[in-house]
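[1] give me a 3D structure for the following:
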Amino acid sequence: MNVPYIPGTDSSPDFPLGRFLPPIPAGMISEWCRQNLALGNWVLEPFGFNPLIPIEIAKAGHPILVAANNPIHAFLIRVLASAPQKGELTAALQDLAIAPKGDGRMEPFIRSLYAVKCQDCGRHIDADAFLWHKNEEQPYAVIISCPYCGATGEQSLTPNALDSLTPLPPVQMHMARALNRIADRDDPLRLQVENALNAYLPRPILVLQTIINKLESLRQTPRRRQLLIALILSAADRGNTLWAHPTPRERPRQIVIPSTFKEVNLWKALEDAIQTWQFLDSPVPVWDWDGTFNISTGIVVYQDRVKELLPSLQDVPIKAVVTTIPRPNQAFWTLSALWTGWIWGQTAVTPIRQLLARQRYDWNWHAHALSVVFHSLQDLIQPEGHFCGLIAENEPSFLLAALIGANIAGYRLHSFANSRDDKIAQCIWKPEIKVSNLPEDRLRLDADHKLKSFLQEKGEPASYQQLHTALVAGLAHDCQLAIPVFTENKRQMTSDIQRWLDDILLSSAYLYRIPDKTTSLETGRWWLRDPSAAMTPLIDRIEALVIQHLIEADTTTSENLKTDIYSKFPGLFTPDNRVLFNCLESYGDLIDQERHHWQLRPSEKPAARAADIKMIREQLCQIGQRLGYHILDQDPLLWREAGDTTLEYRFHILSTALLAAHFQEEHTGSTRSIFVVPGSRANLLAYKSQRNPVFAEHLEQNYLVLKFRLVRDLQANPLLTRELFEKQIHVDPPEYRASQLALF
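    Numbering: from 1, shown residues only. Next comes the predicted model:
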């Protein structure tokens, strides 16, 4: 089941409306295609929630058919694939800027609505944004960037400053238009639309409706009009109240107005959007679906539900289904209905208008909805085909809902990879007729065994989310997640299965929680009651591989290292970036920060470290002899009292931070066991203690850590005594200092 995680080559693009799109790193999908598809294979994207997926697939040489039920998703795909450039976007906005408005032009009219006086120099300027407290009648502050005196940041709005703001024209007509473009007076959904409009203040409503009304009379080429609509769409998103201040709620999922929020200058939002829509240098061909497969590359858009498309796809050359699994987002679907109606009218809202009635999405509903779509796709996926689903913003409930939906629909989780850094689970499903018929008690025992096996293979404690992921992925792989006793009730199945999984964890005969009195399942760590069969800790195996990688490579990159490590530790065991970085930083030097090139530190080369260990051993022997101990020059190095069998000190002289293998040795109350390591290993040891409470307890209770340089200092001290030695070996324990992951 476990396969290597496929990382991206860059972060998720900063797309328009990006806070509502599943974040997928650039390059991830194109690399999956390279590994799994032949050039020219047709691909189906059944949801179309992230334009990056069809664009990367098409650029990789595969024609792709996208079903995009949401008109906003379809528009994003079409426009971004067309590769808008700065010049044409600027020209489209200029058409609006010079359009007549009353006795003047549109740009000065809109900018006047954001005119304020700089409190530092007294000049009139355009505000960047107004700041509001929820339910207040007026803003309490303004954010400015004064072009005259250079003042920037937040300035309070005094009563005099508020009085000087440009009075708003009557907005009732604009509000009525915003409402009527989506729902008529007798429409049963009109109340929901009215409630959704509460996400907009009067000024943004006035500006947006004035612009959209002007759009209908503006003389433009179809291309200019398309690009102006794109800029307007960005402004419509920037104009709502879901932008918390000072820390924005990055990914809102409900229309909940923050207690303090930002109202941005919408003309500046239009100007800023010019950069956001520039994604590609050259266009990717896009066609509307005409029922044929006559193209060899590009994107074909079907603007409706995939369920309506499927009858046309029987006996067609679809080789793979590739998608990002959607997650519930009431805010985006509600706003999508508003934006669609405002720009294209009521008819365009029809495919998604029913979603206005659903104000709450839960995981039970979501699992069932996904199962319906997954089931409809079964006939398309041949035994040699692929169904690749990315679960972005992965969390336990989302992963569970997606895997339950797939199991119910008759899919087996064939392979799985997971990154906690990207928060993405990569799933490959295969149609599977087999359905588990194990009785619930047998299934419970099997689930408990899966938890035990995962921890044994990991070799170190795991968080709740790691255990939950291992358990639900393992059950989905065995077609055991859709438990009949729970799936009979579609309204509660995900909640019931979640409670069942949590109960298994709490009542497991094999596990215990650290600390044992945490109030939430999702806090603390879990470990084996009997760890005797556990493998070497995962981080130790990763450290050993990082050392090997650096020794074998003259220079390497963080990307090459990840590829190597991910291939050795696939699926559930994909290491975090922080683990890789701390191992890499302990042994390597960053020789090219811009390209993230690393090289084995000269002092870490095997010959150099062998010489260091030999020297440290000799120095410890000399120190012991000076202090009157009997020296046993072996591994570990031992100091005994002369003429006595009492063991005073045991020294493990190591060049690495691989300590766990030594934890099995016996300890007596009088013996001090000491790990002697290079100073460059101290931070890695401290990090291991921080992330692994079992490791930290072993180290703290039974060992001291001594750095090479302190041994050298002690050996050079002519006044060294036993008392001073005992004091000095306690003075410099490892302490963790986090470095910037941006260097990785």
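[2] list the buried ones in stretch 556-565?
    Across stretch 556-565, burial judged by 16 or more other CB atoms under 10 Å covers 556, 558, 561-562, 564-565. The C-beta positions use only the backbone N, C-alpha and C, and glycine is treated the same way.
[3] what's the answer for stretch 465-476, then?
    Neighbour counts using 16+ other CB under 10 Å place 466-476 of stretch 465-476 among the buried residues.
[4] repeat for stretch 285-303
    286, 297-303.
[5] before we move on, back to that, between the buried residues of stretch 556-565, which is nearest Gly40?
    Within the buried residues of stretch 556-565, the smallest distance to Gly40 is 29.4 Å, found for Lys562 (CB to CB).
[6] restrict the helix or strand hosting the closest one to CA atoms and write it as CSV.
    Using DSSP states H and E, Lys562 maps to helix 558-568. Taking Å, rounded to 0.1, in the frame of the first residue of the first chain, the C-alpha atoms of helix 558-568 are listed here in CSV:
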residue,chain,number,x,y,z
SER,A,558,17.1,19.3,-1.0
GLU,A,559,14.9,18.0,-3.8
ASN,A,560,17.3,15.2,-4.6
LEU,A,561,17.6,14.3,-1.0
LYS,A,562,13.8,14.2,-0.7
THR,A,563,13.5,11.9,-3.7
ASP,A,564,16.0,9.5,-2.2
ILE,A,565,14.5,9.5,1.3
TYR,A,566,10.9,9.3,0.1
SER,A,567,11.7,6.2,-2.0
LYS,A,568,13.2,4.5,1.1
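[7] counting contacts, what elements does that helix pack onto?
    Applying 3 or more CB pairs under 8 Å, 6 or more residues apart in numbering; DSSP states H and E, we find helix 558-568 packed against helix 538-552, helix 577-587.
[8] narrow the buried residues of stretch 465-476 to those in helices?
    466-476 (DSSP state H).
[9] distance to Gln354 and pLDDT for those - can I get that in CSV?
    Putting these into CSV (distance: CB to CB, whole Å; pLDDT from 0 to 100) gives the following:
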residue, distance to Gln354, pLDDT
Gln466, 38, 97
Leu467, 38, 96
His468, 33, 97
Thr469, 33, 97
Ala470, 37, 97
Leu471, 35, 96
Val472, 30, 96
Ala473, 33, 97
Gly474, 37, 96
Leu475, 33, 94
Ala476, 30, 94
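[10] now Trp132: phi and psi?
    phi -130, psi 150 (degrees, to the nearest 10).
[11] need the pLDDT of the residue nearest to it when sequence neighbours are not counted.
    Nearest non-adjacent residue to Trp132, counting by CB to CB, 6 or more residues apart in numbering: Pro139, 5.0 Å away. On pLDDT, Pro139 comes in at 97.
[12] how about Asp496?
    pLDDT, Asp496: 91.
[13] buried sites along whichever strand or helix holds it?
    Per DSSP H and E: Asp496 is located in helix 493-507. Buried positions in helix 493-507, judged by neighbour count with 16+ other CB under 10 Å: 493-498, 500-501, 504-505.
[14] closest to Leu39 out of these?
    Closest approach between the buried residues of helix 493-507 and Leu39, by CB to CB: Thr494, at 39.7 Å.
[15] how close does the closest one sit to Asn364?
    Using CB to CB, to the nearest Å, we find Thr494 at a distance of 5 Å from Asn364.
[16] which neighbours do the two share?
    Shared contacts of Thr494 and Asn364 (CB atoms under 8 Å, 6 or more residues apart in numbering): Ala401.
[17] where do the strands sit along the stretch 101-250 of the chain?
    Here the stretch 101-250 of the chain has its strands, by DSSP state E, counting those that start in this stretch, at 104-105, 115-117, 124-126, 129-133, 141-145, 152-156.
[18] for those, give me CSV that also has mean neighbour count.
    Below are the strands of the stretch 101-250 of the chain laid out as CSV (neighbours: other CB atoms under 10 Å):
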stretch, mean neighbour count
strand 104-105, 12
strand 115-117, 20
strand 124-126, 16
strand 129-133, 20
strand 141-145, 20
strand 152-156, 13
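[19] who's in contact with the worst-scoring helix or strand of the chain on mean pLDDT?
    Sorting the helices and strands of the chain by mean pLDDT, DSSP states H and E puts helix 484-487 at the bottom, at a mean of 78. Contact with helix 484-487 is made by 404, 408, 440, 492-493, 496-497, 500, as judged by CB under 8 Å, 6+ apart.
[20] could I get the buried residue list for it?
    With burial defined by 16+ other CB under 10 Å, the residues of helix 484-487 counted as buried are 486-487.
[21] kindly report the same for stretch 682-702.
    Of the residues in stretch 682-702, 682-689, 691-695, 698-699 count as buried by neighbour count, 16+ other CB under 10 Å.
[22] out of those, which is nearest to Val256?
    Among these, and counting by CB to CB, the member closest to Val256 is Arg691, at 34.6 Å.
[23] where is the longest helix in the protein?
    The single longest helix within the chain, with elements called by DSSP H, is helix 606-626.
[24] the helix or strand following that one - what's its average pLDDT?
    Using DSSP H and E, the helix or strand that follows helix 606-626 in sequence is strand 629-632. Averaged across strand 629-632, pLDDT comes to 94.
[25] does the very next helix or strand once past the helix holding Asp496 pack against any helices or strands, and if so which?
    Using DSSP H and E, the helix or strand that follows helix 493-507 towards the C-terminus is strand 511-514. Contact here means 3+ CB pairs under 8 Å, 6+ apart; on that basis strand 511-514 packs against helix 440-458, strand 525-528.
[26] buried set for strand 511-514?
    By 16+ other CB under 10 Å, the buried positions in strand 511-514 come out as 511, 513.
[27] so what touches it?
    Strand 511-514 has contacts (CB under 8 Å, 6+ apart) with 451-452, 455, 461, 505, 524-529, 693-694.
[28] for Ile72, helix, strand, or coil?
    helix (DSSP: H, G, I helix; E, B strand; the rest coil).
[29] how deep is it tucked in, by neighbour count?
    Using other CB atoms under 10 Å, the number of residues around Ile72 comes to 23.
[30] circling back: the residue nearest to Trp132: neighbour count?
    So Pro139, with other CB under 10 Å, has 22 neighbours.
[31] isn't it right next to Thr158, touching?
    No - in this structure, Pro139 is not within contact of Thr158 by CB atoms under 8 Å, at 11.7 Å.
[32] ok, then the element right after the helix or strand encompassing Ala58?
    If you go by DSSP H and E, Ala58 is part of helix 52-59. Per DSSP H and E, the first helix or strand lying C-terminal to helix 52-59 is strand 64-67.
[33] list the contacts for Ala357?
    189, 192.
[34] tell me the phi and psi of it?
    phi -80, psi -20.
[35] Three-state assignment for the most far-flung residue of the chain relative to its centre, please.
    The centre of the chain is farthest from one residue, Gly643, which by CA atoms, centre = their mean lies 62.6 Å away. Following three-state DSSP, Gly643 is assigned to coil.
[36] ok, and the closest non-adjacent residue to it?
    Closest residue to Gly643 apart from its sequence neighbours, by CB to CB, 6+ apart: His630 at 7.6 Å.
[37] burial check on the one you found, number of neighbours?
    With other CB under 10 Å as criterion, His630 counts 15.
[38] and the two most separated of the buried residues of stretch 285-303?
    Top of the distance list for the buried residues of stretch 285-303 (CB to CB): Thr297 and Gln303, 20.4 Å.
[39] picking that back up, farthest pair in the contacts of helix 484-487?
    For the contacts of helix 484-487, the maximum inter-member distance is 17.0 Å, found between Ile408 and Glu440 (CB to CB).
[40] more neighbours: the two, which one.
    Taking other CB under 10 Å, Ile408 and Glu440 do not tie; Ile408 has more neighbours (21 against 12).
[41] got the contact list for the more buried one?
    For Ile408, the contact set (CB under 8 Å, 6+ apart) comprises 367-368, 371, 374-375, 482, 487.
[42] at 10 Å what do you get?
    Taking CB atoms under 10 Å, 6 or more residues apart in numbering as the criterion, Ile408 is in contact with 367-368, 370-372, 374-375, 435, 481-482, 487, 490, 493.
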